[in-house]
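> kindly return the folded structure for what I paste below:
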Amino acid sequence: MKRQSISALLFAFALVCASLGTASAAVTPKPTTAPATAAEQSFVARVTADLQKRFGSQRAASAAGYYRFTDEDDTGAISWVNTKYWKSDPQHPSQLWYDAKGRLIGVDLSVPKSDSATAPNLWGISPSRWITFRKHVHFGVKNASGLTYGGVGPLKISKAGGNPDRPTANDVVKLHRAKSTGDVAFVFVFPAIWDLQFWLVPNPNGPFAERNPNVIPSKAPKSAM
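Below you'll find the model as predicted:
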């Protein structure tokens, strides 16, 4: 769910939530785009050096329990998740982003909303940098060329007879997103979180900017229409 532009996320999740009968989109308004402070720059530099050393390859990420769960977004990022780390620390991010060539380009650190009613004040990062995501469910379905990635809201899981806190491969079948449970590669709950996103490669627009001209998507973005 990484660096896809916040406006695009708002639009996409508004459509999803409308189809699910929910009241609002899954993310908060755009975080601050103010230039990074000295403390923030220092933090990003430390995290970048560490994560590039430990997770500079997708093989290293896979060995540490991360796996891909999205297509490439319109900023060129492909997201990998480790569901053990929804409560993140700088050494254990919840998500890593790679580009289509396998280069580590960014990261998400997260804090469950159940742990914090307000935006976190951590690591010298302004609380205004954090966005939120509502709880939803992600899954991957095997196909001839690899995996098809998808996501639904908890109401849709419930209507299919499943438990949105413990979704199963059978729920994905009931949603007609897979023909059999054997076709479901993974399914997991993406909880309600506070989320901090930043680039791990140089960005002339700053580490917290939505887009990075040094990261070029491998294909033209799909139209919203």
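> so who does G206 touch?
For G206, the set of contacting residues under the criterion of CB atoms under 8 Å, 6 or more residues apart in numbering consists of 33, 35-36. For every residue, glycine as well, the C-beta is placed using N, CA and C.
> right, and out of those residues, which lies closest to R177?
Compare each of the contacts of G206 with R177 using CB to CB and the shortest gap goes to T33, at 36.0 Å.
> about what we covered before: and which of the contacts of G206 is nearest to P93?
The shortest separation between P93 and any of these is 18.1 Å, and it belongs to A36 (by CB to CB).
> top of the contacts of G206 by neighbour count?
Each of the contacts of G206 was scored by neighbour count (other CB atoms under 10 Å); the top score is that of A36, with 18 neighbours.
> test my guess that that residue contacts V44.
Yes. Between A36 and V44 a contact is recorded at 6.8 Å, counting by CB atoms under 8 Å.
> give the burial count for A144, as a bare number.
The local packing count at A144 equals 4, with neighbours defined by other CB under 10 Å.
> so for it, what's the pLDDT?
A144 is assigned 94 on the pLDDT scale.
> if we can go back for a sec, who touches both of A36 and V44?
By CB under 8 Å, 6+ apart, the residues touching both A36 and V44 are P207.
> any idea of the mean pLDDT for the longest helix seen in the chain?
Once the chain is assigned using DSSP state H, the helix that runs over the most residues is helix 38-55. For helix 38-55, mean pLDDT rounds to 98.
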